[in-house]
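Visitor: based on what follows, work out the 3D shape:
(one chain, ligands or ions: 1)
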Amino acid sequence: MSLMGKLALVTGGGGGIGAGIAAALIEQGARVVIADLDERHLAEATAQLGGQATTYQIDVTDRASWAAAQTQIEAELGPLDILCNNAGIATPRGLIDEMDPALFDRVVAVNITGVFNGVQCFAPGMRARGRGHIVNTASVNGLLPFGSFTAYSASKCAVAGLSEALREELAPYGVGVSILYPGLTRSRMSLSPDVGASGGRPMTPQIEAMMMDPLWLGRATAQAIVDNAAHIITHPAYLPQVEARFAAITGSFGAPAQPGYGEAGG
Ligand SMILES: NC(=O)c1ccc[n+]([C@@H]2O[C@H](COP(=O)([O-])OP(=O)(O)OC[C@H]3O[C@@H](n4cnc5c(N)ncnc54)[C@H](O)[C@@H]3O)[C@@H](O)[C@H]2O)c1
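Guide: Have a look, this model is predicted:
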């Protein structure tokens, strides 16, 4: 799909990666709406984008908020071509059995249900028109879950699974789906002392230096939309760990638990 003139909506567009995606889509000639819960984030991102994006306040957990956004966007700008479900939250590191259940529910609501809500809102129109593209932001944690970040990892594995299955559902209708798996990227989230990459400790220059510029994630995302690529891997250094994880899974495939199972087509 060429991006020139296409209408795109980026949730969490007031933040690092969302603003990077918005900037990259604008570079390619798309018309962009950035949507975010936080009006200050929207104002900062609009300034950063040189006023080239339309803004919309939305809570991705709230279906009424999605419906209102859809009605207004379609009335003012026309049908949506590209949906980037990017809004997400992280949590402080810790044991999941000690986690505040309300925080777990919030992670599920924003990171998983938020994506579901966006898909329910805009995928039917894309299917009916026989074109469109959806990008869901997972995380490298969607491929490499790790302890102390368990709820977040679980939510990102869910985003990856939902997106891969969604890609299969929408392909017959000419609608593409891509999954973005960022590693460390410069953003409010990653720099936050509570939930960010320093894991609750003071940020070090070494960690900061490892953070990718979100514009490059945006450019990789824009290219994936053009190519209808399934997986957007921006941080290839994780490959050995991903291979080791999948080798552990495939290496566990042995004889069936029930002796003789499957031998007669069962
Ligand atoms: N930065 C990283 O290193 C990194 C790595 C892997 C994945 N991610 C993922 O990338 C996405 C973007 O995160 P970021 O790092 O740019 O963080 P960020 O905090 O800078 O941006 C996230 C934005 O989402 C908005 N948001 C939060 N809850 C919302 C809601 N209910 N409705 C609408 N907007 C909401 C926030 O206001 C914020 O502007 C997230 O899904 C995150 O999990 C980030």
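
Visitor: any stretches of the stretch 151-266 of the chain with poor pLDDT?
Guide: Within the stretch 151-266 of the chain, the stretches with pLDDT under 70 are 265-266.

Visitor: okay, strands next: where are they in it?
Guide: 175-181, 231-233 (DSSP state E, counting those that start in this stretch).

Visitor: deepest-packed of those strands, please.
Guide: Highest mean neighbour count among these (mean count of other CB atoms under 10 Å): strand 175-181, with a mean of 24. Using the backbone N, CA and C atoms, a C-beta is placed for each residue, glycine as well.

Visitor: what lines up beside it in the sheet?
Guide: Looking at strand 175-181 with DSSP bridges, its partner strands are strand 132-137 (parallel), strand 231-233 (parallel).

Visitor: about what we covered before: can you put the strands of the stretch 151-266 of the chain in CSV and add distance to the ligand?
Guide: As requested, the strands of the stretch 151-266 of the chain are arranged in CSV below (distance: least, CB to the nearest ligand atom, whole Å):
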stretch, distance to the ligand
strand 175-181, 7
strand 231-233, 11
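
Visitor: and for the residue nearest to residue 67 when sequence neighbours are not counted, the neighbour number?
Guide: Counting by CB to CB, 6 or more residues apart in numbering, residue 67 lies nearest to residue 121, which is 6.8 Å off, once chain neighbours are set aside. Using other CB atoms under 10 Å, residue 121 is surrounded by 20 other residues.

Visitor: and what of residue 146?
Guide: Neighbours around residue 146, by other CB under 10 Å: 12.

Visitor: shouldn't it be within a helix?
Guide: No. Counting by DSSP: H, G, I helix; E, B strand; the rest coil, one finds residue 146 to be coil, located in no helix.

Visitor: for the closest residue in space to it that isn't next to it in sequence, which residues are in contact?
Guide: Nearest residue to residue 146 in three dimensions, chain neighbours excluded: residue 153, at 6.1 Å (CB to CB, 6+ apart). Contact partners of residue 153, counting by CB atoms under 8 Å, 6 or more residues apart in numbering, are 139, 141, 142, 144, 145, 146.

Visitor: now those residues: which count as buried?
Guide: 139, 141, 142, 144, 145 (16 or more other CB atoms under 10 Å).

Visitor: so which of the contacts of residue 153 is the closest to residue 61?
Guide: For the contacts of residue 153, the residue nearest residue 61 by CB to CB is residue 139; the value is 18.4 Å.

Visitor: what separation do you get for residue 146 and the ligand?
Guide: Distance, residue 146 to the ligand, by CB to the nearest ligand atom, to the nearest Å: 12 Å.

Visitor: shift numbering so it begins at 513
Guide: All set: I'll call the first residue 513, so the last point we hit is now residue 658.

Visitor: pull out the buried positions in the longest helix belonging to the chain.
Guide: Using DSSP state H to define each element, the chain has its longest helix at helix 662-682. By neighbour count with 16+ other CB under 10 Å, helix 662-682 contains the buried residues 662-672, 674-675, 678-679, 682.
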